[in-house]
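Enquirer: Let me see the structure of the following:
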Amino acid sequence: MNPKHRVCIFFFLLMGMLSFKNDTADPLSAFYISGYAQGTTYHITFFAHDSLVVKRQIDSLLDNIDSSLSIYKPYSIISRFNSAAEGIQMDEHLNKVVRRSLEIYKATGGISDITVYPLMDLWGFGPRHASTAPDSPTNPDSSTVTDSPTTPHSPTNPDSSTVTDSPTTPHYQTVTDLSTAPDCPTNLNSSMVTDTPTTPHPPAHPDSLMVRTTMACVGSDKIHIRDRWLLKDKPCVKIDVNSIAQGYSVDVVAGFLESRGIKNYIVEVGGELRVKGKKYPGGTTLQIGIEAPAQNSLDAPVIEKIVHVDHGAITTSGNYRKYYEINGKKISHLMDPRTGYPFQNELISVTVYAHDAITADGYDNALMGMGLQKAFAFLRRHPGLEAYFIYHREGGEMTDTATAGFYKLM
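Expert: Just a heads-up that it's a prediction; the model follows:
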């Protein structure tokens with residue numbers, strides 16, 4: 001799955017000023033799991049009396065999802081749909097993600113549309129334009145980063161050298177202040193430097209005829225669900241659920257932790273976060289740091305805002321990491337499926353808070369596409385969503401704003 005190149009989010013488990021009672025004879029301890037999956041990294045921290053979950057279980061969950069939703073794996077279920085003339089039978093993962101995506105498509109008036117795949121490919125952001133094989137870890141010598149295991153869920157078992165996952169490097173790095181945490185970086189400044197994103201390789205700047213021709217294959221009104229079957233009106237219709245899949249993955253992992261009796265945790269996959277409970281020992285509030293966009297790739301990231309949450313999910317979408325330039329004009333990977341062209345507005349990034357990660361992740365790209373004023377109007381009609389925006393003023397200077405509900409988290 002393609003990690004969207006968004007503004008980086010970092011979670012901090014900072015000691016607060018809260019006290020706790022001494023009658024906790026058996027206090028909760030912190031456990032850490034981290035690794036590499038879905039073309040990015042993941043980090044999990046949970047607080048429990050014992051190590052109730054192990055890394056191989058998380059790897060298996062994420063690999064299973066990847067075998068369903070990754071457009072970079074030719075044997076995945078979504079790839080089989082994209083290659084099919086009429087449709088395929090869905091598994092549980094694709095069924096849930098497509099149904100939720102169609103709900104968001106209707107709610108946003110078509111701004112969010114998973115049939116955008118042909119446009120992504122036309123503009124140079126599809127799988128065939130990837131210049132790296134992101135299933136290979138960026139740092140193969142690291143003990144905390146491992147290759148995704150060979151999936152037992154695929155109809156075939158292709159050679160690993162022919163299977164890629166995402167054309168991008170991880171769009172987030174996760175940092176905690178717990179120096180005792182294995183697998184977690186302890187040097188804030190050094191670990192906040194992310195890998196250079198993969199540069200898209202467009203065949204050429206598409207002309208209006210190419211865009212119009214491609215648009216004949218775009219539109220979620222061209223796909224239909226009948227029981228467990230996903231059908232398409234035209235063979236050229238293809239779907240890409242990368243805009244929502246990592247949020248879904250976070251929710252699946254969070255649900256697995258809760259099924260094991262874990263009530264306090266942070267789950268992060270590629271920077272998408274879901275939080276529940278508090279930090280132990282101590283019972284202090286969890287804090288999420290939102291990073292401001294760097295002026296260039298050499299600048300050190302700066303934490304712009306810190307929010308305090310004890311439940312819910314936070315995701316971010318941005319247009320300043322994955323793009324290319326033609327004649328001085330920035331071409332972003334965020335496509336408008338209604339016009340066939342990249343979104344052009346004042347927004348740089350949008351950070352969304354919602355009750356679960358699939359919802360936050362599903363709406364962050366759409367809010368980016370709306371522009372500031374329409375996004376605020378949309379959020380007023382959807383009280384379950386809160387958002388923080390970084391944008392350019394008319395004069396070019398960068399500034400920020402947020403909904404009233406998001407300000408309350410700061």
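Enquirer: Tell me who's in contact with Arg99.
Expert: Listed by C-beta atoms under 8 Å, 6 or more residues apart in numbering, the contact set of Arg99 reads Ile225. Placement of C-beta: from N, CA and C, glycine included.
Enquirer: Now do the helices in the stretch 251-400 of the chain.
Expert: With DSSP state H, counting those that start in this stretch, the ranges of helices along the stretch 251-400 of the chain come out as 357-370, 372-381.
Enquirer: Reformat the ones you listed as a markdown table; add mean pLDDT and distance to Cys217.
Expert: As requested, the helices of the stretch 251-400 of the chain are exported to a markdown table (pLDDT from 0 to 100; distance: least, C-beta to C-beta, whole Å):
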| stretch | mean pLDDT | distance to Cys217 |
| --- | --- | --- |
| helix 357-370 | 97 | 19 |
| helix 372-381 | 98 | 26 |
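Enquirer: Could you say which of the ones you listed is packed most deeply?
Expert: Mean neighbour count (mean count of other C-beta atoms under 10 Å) peaks for helix 357-370 among these, with a mean of 28.
Enquirer: ok, then the element right after the worst-scoring helix or strand of the chain on mean pLDDT?
Expert: Within the chain, no helix or strand scores below helix 188-191, which has a mean of 26 by mean pLDDT, DSSP states H and E. Next along the chain after helix 188-191, taking DSSP states H and E as the criterion, comes helix 208-215.
Enquirer: Counting by contacts, list what the helix or strand just after that following helix packs against.
Expert: For helix 208-215, the succeeding helix or strand toward the C-terminus, using DSSP H and E, is strand 223-226. With contacts defined as 3 or more C-beta pairs under 8 Å, 6 or more residues apart in numbering; DSSP states H and E, the packing partners of strand 223-226 are helix 92-107, strand 229-232.
Enquirer: As a check, name the ranges of all strands in the stretch 1-150 of the chain.
Expert: All strands of the stretch 1-150 of the chain, identified by DSSP state E, counting those that start in this stretch, fall at 9-12, 29-37, 40-48, 87-89.
Enquirer: Of all those, which one is nearest Thr359?
Expert: strand 9-12 (16.1 Å; C-beta to C-beta).
Enquirer: Now the closest one: average pLDDT?
Expert: The pLDDT scores in strand 9-12 average 50.
Enquirer: ok so, going back, what's the closest of the helices and strands packed on strand 223-226 to Thr359?
Expert: helix 92-107 (8.0 Å).
Enquirer: got the angle between the closest one and helix 357-370?
Expert: Computed by axes from the mean of the first three to the mean of the last three C-alpha atoms, to 10 degrees, the angle separating helix 92-107 from helix 357-370 equals 40 degrees.
Enquirer: neighbours around the residue nearest to Ala30 when sequence neighbours are not counted, how many?
Expert: Excluding the flanking residues, the one nearest Ala30 by C-beta to C-beta, 6 or more residues apart in numbering is Phe47, at 5.6 Å. By other C-beta atoms under 10 Å, the residues close to Phe47 number 22.
Enquirer: Likewise for Glu394?
Expert: Around Glu394 there are 6 residues (other C-beta under 10 Å).
Enquirer: can you check Ile348 too?
Expert: For Ile348, using other C-beta under 10 Å, the count is 19.
Enquirer: Would you confirm that it contacts Pro293?
Expert: Yes - look at Ile348 against Pro293 with C-beta atoms under 8 Å: they come within range, at 5.7 Å.
Enquirer: wait, what's in contact with the closest residue to Phe256 other than its chain neighbours?
Expert: Counting by C-beta to C-beta, 6+ apart, Phe256 lies nearest to Leu61, which is 6.1 Å off, once chain neighbours are set aside. By C-beta under 8 Å, 6+ apart, Leu61 lies in contact with 252-253, 256.
Enquirer: Adding neighbour count and pLDDT, write the residues you listed out as JSON lines.
Expert: Formatted as JSON lines, the contacts of Leu61 follow (neighbours: other C-beta atoms under 10 Å; pLDDT from 0 to 100):
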{"residue": "Val252", "neighbour count": "20", "pLDDT": "98"}
{"residue": "Val253", "neighbour count": "25", "pLDDT": "98"}
{"residue": "Phe256", "neighbour count": "16", "pLDDT": "98"}
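Enquirer: Which one of those is nearest to Thr108?
Expert: Val252 (23.5 Å).
Enquirer: Please determine how far that closest one is located from Met368.
Expert: To Met368, Val252 is 25 Å away according to C-beta to C-beta, to the nearest Å.
Enquirer: just Arg381 next, same as before
Expert: 18 Å.
Enquirer: Wait, Tyr42 touches Leu62, no?
Expert: Yes - in this structure, Tyr42 is within contact of Leu62 by C-beta under 8 Å, at 6.8 Å.
Enquirer: intersection of neighbour lists for the two?
Expert: What both Tyr42 and Leu62 touch, as defined by C-beta under 8 Å, 6+ apart, is the set 253, 269.
Enquirer: ok so, going back, tabulate the helices and strands packed on strand 223-226 in JSON lines, adding columns for distance to Ser29 and mean pLDDT.
Expert: What follows is those, written out as JSON lines (distance: least, C-beta to C-beta, whole Å; pLDDT from 0 to 100):
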{"stretch": "helix 92-107", "distance to Ser29": "32", "mean pLDDT": "98"}
{"stretch": "strand 229-232", "distance to Ser29": "44", "mean pLDDT": "98"}
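Enquirer: Export those as TSV, with columns for distance to Tyr117.
Expert: Below are these laid out as TSV (distance: least, C-beta to C-beta, whole Å):
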stretch	distance to Tyr117
helix 92-107	12
strand 229-232	11
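Enquirer: Any idea which of these gets closest to Tyr248?
Expert: The nearest among the helices and strands packed on strand 223-226, by C-beta to C-beta, is helix 92-107 at 5.3 Å.
Enquirer: buried stuff in the closest one?
Expert: Neighbour-count burial for helix 92-107, counted by 16 or more other C-beta atoms under 10 Å, picks out 93-98, 100-102, 104-105, 107.
Enquirer: and it with helix 372-381, angle?
Expert: Going by the same axes, to 10 degrees, helix 92-107 makes 110 degrees with helix 372-381.
Enquirer: tally of neighbours for Thr41?
Expert: 27.
Enquirer: you'd agree it is up against Leu62?
Expert: No - checked against C-beta under 8 Å, the pair Thr41 and Leu62 is beyond contact range at 10.9 Å.
Enquirer: Which parts of the stretch 301-410 of the chain are strands?
Expert: 302-309, 311-318, 323-326, 329-332, 347-354, 386-392, 398-402.
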